[in-house]
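K.L.:
Coordinates for the following, if possible.
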Amino acid sequence: MEINKAISNQNVIFTLSGRLDTLTSPQLEDEIKNTSFEDTENVILNMHDLEYISSSGLRVILSLYKALKNQNSKLKIINVNSGIMELFSMTGLADYMDIETA
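P.N.:
Numbers count the residues shown, from 1 in each chain. Next up, the predicted model:
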């Protein structure tokens, strides 16, 4: 998996490509831990080139969502393909997360 991070105004944007699974989710977790979200309004996960998410990847995203909510920041997930959107819907995460399909 490849992760690109950009900071624009009060937004942190992570662009993910490849597979977010048991082997690669620690990579995203480390990237999140090494990022300061102080004064951040939105964290955006751009999943345009993400092919797959496992339960390990969902756990990292859910942890990020909860941490941001506690500091009054928002998580936005954009450019989600239909397969990954189905997973968000099946798990119920689509009911309360801000998710936009591609």
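
K.L.:
Spatially central residue for this protein, please.
P.N.:
Leu45 (4.1 Å; CA atoms, centre = their mean).

K.L.:
just checking, Gln71 touches Phe37?
P.N.:
Yes: using CB atoms under 8 Å, Gln71 makes contact with Phe37 at a distance of 6.7 Å. In this view, the C-beta of every residue, glycine as well, is placed from N, C-alpha and C.

K.L.:
out of those two, which sits in the busier spot?
P.N.:
Applying other CB atoms under 10 Å to Gln71 and Phe37 shows that Phe37 carries more neighbours, namely 16 against 10.

K.L.:
Kindly indicate whether that one is helix, strand or coil.
P.N.:
For Phe37, the assignment made with DSSP: H, G, I helix; E, B strand; the rest coil gives coil.

K.L.:
Use 840 as the first number for this chain going forward.
P.N.:
New numbering, starting at 840: the last item is Phe876.

K.L.:
how much space between the residue lying closest to it once chain neighbours are set aside and Tyr904?
P.N.:
Of all residues not flanking Phe876 in the chain, Ser912 sits nearest, at 6.1 Å (CB to CB, 6 or more residues apart in numbering). Using CB to CB, to the nearest Å, we find Ser912 at a distance of 10 Å from Tyr904.

K.L.:
Check Gln849 too.
P.N.:
Distance from Gln849 to Tyr904, by CB to CB: 18 Å.
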